[in-house]
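Novice: next comes the sequence, and after it the predicted model I'd like to discuss.
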Amino acid sequence: MSERHVAFLISNGYGPDVRVQKEAHTLAAAGYRATIVAWDREGRFPAHELERAPDALAAALTPWTNRIGPGPRPAAVYRVGVPAGYRTGRRLALRIPRYWWAAFGELRRARPGVVHAHDLDTLPLAWWYGRRAGVPVIYDAREYYPGMVRANVGRTVSEVLEALERTLAPRAAAVLTVGSRLATRLSAMGAAVTIIPNTQGLSDPRWADDQRRRVRRALGVPDGALLVGYVGQLAPDRVLAPALKAVAALPGVWMAVGGTGPREGEVRRAAEACPRILPLGQVALNRVAALVAASDVVYYGLNANDPNSFYFMPNLAFFALAVGRPLMVTPVGEIAEFVQRERCGIVLDSATGAAAVDALRRLLDSQARVELARCARALGEARYNWARTAADLLRVYEAIS
């Protein structure tokens with residue numbers, strides 16, 4: 001068993017998963033061996049592959065790569081092919097034990113020195129293996145998981161998950177999470193919590209300007225137009241209607257919407273009624289930064305009735321900070337508190353089209369928009385970039401070694 005070998009457990013197919021990818025390659029750049037054990041529920045991916053860090057991430061990791069000479073080894077990805085879907089309710093509970101058993105076999109084969117569990121549905125497996133093998137477990141709590149799945153599995157199962165998290169989180173050697181609200185919740189359970197936000201590597205301003213021209217030209221967006229960008233899941237807890245209605249009401253304002261999910265129909269109908277709304281479908285991870293750079297403002301809306309929304313601090317916000325783009329958000333979640341406090345965008349007065357119209361009219365003022373963009377970029381440079389976050393992650397690993 002190697003003490004410098006980390007196995008990441010994740011319950012999606014790793015297509016890739018942006019947070020796991022950053023963490024795995026950061027540790028690889030610092031001299032660790034990284035293995036990712038994923039659950040390919042839909043049989044979409046190879047059973048095994050080696051992944052090298054994408055160029056943008058490799059650039060952000062240069063300080064650690066230079067330390068160890070020839071460069072980090074690739075991360076090994078092993079996918080467990082237990083068939084299952086997503087959002088299938090309590091039926092999924094019948095599949096999870098099969099995934100755990102298959103993933104346990106991968107852990108026994110890999111014999112890692114640390115198990116890094118992503119989300120609550122992998123934590124019992126990590127704890128079980130950690131006890132048997134005598135190795136530390138890191139719990140990466142990216143969501144308020146019991147609340148996130150409540151609508152899908154019901155209140156009773158959600159409450160069981162709450163109790164499970166209260167039991168296992170304090171037993172982890174370290175608990176990582178994405179924002180201060182989740183950190184407060186987990187600390188109250190007695191867990192040792194470190195905030196590792198989903199920051200991105202900083203983009204060169206010249207690259208961002210070049211991508212702005214290229215992407216807007218490809219999309220057919222006029223040079224003088226205000227482009228609103230959104231990339232993410234089109235899930236029920238995302239509220240797109242305010243931005244879609246506002247764009248339709250304001251000539252000279254366009255919106256590019258990237259993502260797939262249950263709200264795709266809503267986006268398509270809005271696009272049929274307004275040709276300035278552009279549905280892009282799934283956007284490859286390596287193209288997200290370019291689309292954000294092409295945007296004048298990045299939109300994010302959350303459903304206030306979803307229990308997980310209160311804690312939400314989305315990946316997209318950190319893409320915006322990395323390229324210096326202001327945010328426009330509904331008054332929900334940690335993201336709204338962040339934007340208000342840091343003055344890097346506009347928080348809508350309400351999750352309505354009228355409130356979004358008012359916000360976009362303010363953003364049509366180029367001077368106001370440039371000042372918000374400057375604040376966003378300054379935040380990215382000073383605090384919210386992966387080079388800084390990576391150092392925090394490595395300190396957690398050094399503390400448990």
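Specialist: Yes, it's here.

Novice: show me the chain divided up by domain.
Specialist: Split into domains by automatic domain parsing, the chain comes to 5-200+385-400, 205-382.

Novice: can you redo these as JSON lines with mean pLDDT and mean neighbour count?
Specialist: No exception for glycine: its C-beta is placed from N, CA and C like everyone else's. As requested, the domains of the chain are exported to JSON lines (pLDDT from 0 to 100; neighbours: other CB atoms under 10 Å):
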{"stretch": "domain 5-200+385-400", "mean pLDDT": "92", "mean neighbour count": "19"}
{"stretch": "domain 205-382", "mean pLDDT": "97", "mean neighbour count": "19"}
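
Novice: from one end of stretch 256-271 to the other, what's the distance?
Specialist: Using CA to CA, to the nearest Å, the end-to-end distance of stretch 256-271 comes to 10 Å.

Novice: could I get the phi/psi values of Tyr300?
Specialist: phi -150, psi 130 (degrees, to the nearest 10).

Novice: so it touches Thr330, yeah?
Specialist: Yes. Counting by CB atoms under 8 Å, Tyr300 does reach Thr330; the two are 7.4 Å apart.

Novice: which residue, other than its chain neighbours, is closest to Ala208?
Specialist: Ala293 (4.1 Å; CB to CB, 6 or more residues apart in numbering).

Novice: now do the contacts for the one you found.
Specialist: Going by CB atoms under 8 Å, 6 or more residues apart in numbering, Ala293 touches Ser203, Trp207, Ala208, Asp209, Gln211, Arg212, Val215, Val323, Arg325.

Novice: do that again at 6 Å, thanks
Specialist: By CB atoms under 6 Å, 6 or more residues apart in numbering, the contact list for Ala293 reads Ala208, Gln211, Arg212, Val323.

Novice: nearest to Ala173, of the residues you listed?
Specialist: Taking CB to CB as the measure, Ala173 lies nearest Val323 of the contacts of Ala293, at 35.1 Å.

Novice: report the separation between that closest one and Asp210.
Specialist: 12 Å (CB to CB, to the nearest Å).

Novice: any idea where the strands of the stretch 101-250 of the chain begin and end?
Specialist: 114-118, 137-141, 174-177, 193-195, 226-231 (DSSP state E, counting those that start in this stretch).

Novice: what about the helices in the stretch 151-300 of the chain?
Specialist: Under the criterion DSSP state H, counting those that start in this stretch, helices of the stretch 151-300 of the chain are mapped to 155-168, 180-187, 205-219, 241-249, 264-273, 285-294.

Novice: nearest spatial neighbour of Arg150, skipping sequence neighbours?
Specialist: Ser158 (4.1 Å).

Novice: what does Val80 give?
Specialist: Distances taken as CB to CB, 6+ apart place Ala102 nearest to Val80, at 4.3 Å, with adjacent residues excluded.

Novice: so the one you found sits against Tyr78, correct?
Specialist: No. Assessed by CB atoms under 6 Å, Ala102 is found out of contact with Tyr78, at 9.9 Å.

Novice: quick one: residues contacting Gly333.
Specialist: Leu302, Ser309, Phe312.

Novice: format those residues as a markdown table; extra columns: secondary structure and distance to Thr177.
Specialist: Listed next are the contacts of Gly333 as a markdown table, based on DSSP: H, G, I helix; E, B strand; the rest coil; distance: CB to CB, whole Å:
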| residue | secondary structure | distance to Thr177 |
| --- | --- | --- |
| Leu302 | strand | 18 |
| Ser309 | helix | 16 |
| Phe312 | coil | 12 |
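
Novice: phi, psi for Met328 please.
Specialist: Per-residue torsions, Met328: phi -130, psi 120 (degrees, to the nearest 10).

Novice: contacting residues around it?
Specialist: Met328 makes contact with Val297, Tyr299, Gly345, Ile346, Ala359 under the criterion CB under 6 Å, 6+ apart.
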